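Asks: this is a predicted model, with the sequence first.
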Amino acid sequence: MFEEHKELLNLFEKFIALQTREQQASSEELQEHATKVMNTLDEGIRGLDDMDAFFSYLGQVGASHRRINGFQSQYFWKIEGPFLKAVEQTLGDRYTANVENIYKVTIKLIIQTLVDGYEGTGHAAGSAGS
């Protein structure tokens, strides 16, 4: 994501110096953040069977981004492409058109829920807090 959207590095003080792909690949802090993001997405997907918990959890994660100076809700959408690419690479031959459609719908729901939590709207508004 940071390769495609270098401007986002400036939002994270500890990542500003990571301007090259090599620097980003060798940064333990960036790897920890990436793992946290993927764990959040995984938790969101696993939470789809309990929609109240799904909206609550992702709404809270979205709201937590309010404390990042300069963060804007539309930045959440920048993870869509890299996420789908990672799923395709992970699944390989199992990444069929049907699976792709399922993941596209799922990531859009997840991202919109993060946005709603950040903005204090939608399903997550009651539980997102500030």
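Replies: Right, received. Where do you want to start? Numbering: from 1, shown residues only.
Asks: what's the average pLDDT for stretch 111-127?
Replies: Average pLDDT, stretch 111-127: 79.
Asks: same deal with stretch 34-44?
Replies: Per-residue scores along stretch 34-44 average to 83.
Asks: number of nearby residues for Gly117?
Replies: By the criterion of other CB atoms under 10 Å, Gly117 has 30 neighbours. Where you see a C-beta, it was placed from the backbone N, CA and C, and this is true even at glycine.
Asks: what of Gln72?
Replies: 11.
Asks: any weak-confidence spans in this structure?
Replies: The chain contains residues with pLDDT under 70 at 2-3, 16, 122-130.
Asks: show me where it has its helices.
Replies: Assigned by DSSP state H, the chain shows helices spanning 21-26, 28-46, 51-64, 80-91, 97-119, 125-128.
Asks: give the residue farthest from the middle of the protein.
Replies: Distance from the C-alpha centroid of the chain peaks at Asp93, with 24.5 Å (CA atoms, centre = their mean).
Asks: roughly how far does that one sit from Val99?
Replies: 10 Å (CB to CB, to the nearest Å).
Asks: what do you get for Lys85?
Replies: With the distance defined as CB to CB, Lys85 ends up 14 Å from Val99.
Asks: again with Ala53
Replies: 24 Å.
Asks: next one: Pro82
Replies: Taking CB to CB, one finds Pro82 at 17 Å from Val99.
Asks: neighbour count for those two, which is higher?
Replies: Taking neighbours as other CB under 10 Å, Pro82 and Val99 compare with Pro82 leading, 16 against 13.
Asks: sounds good, over and out.
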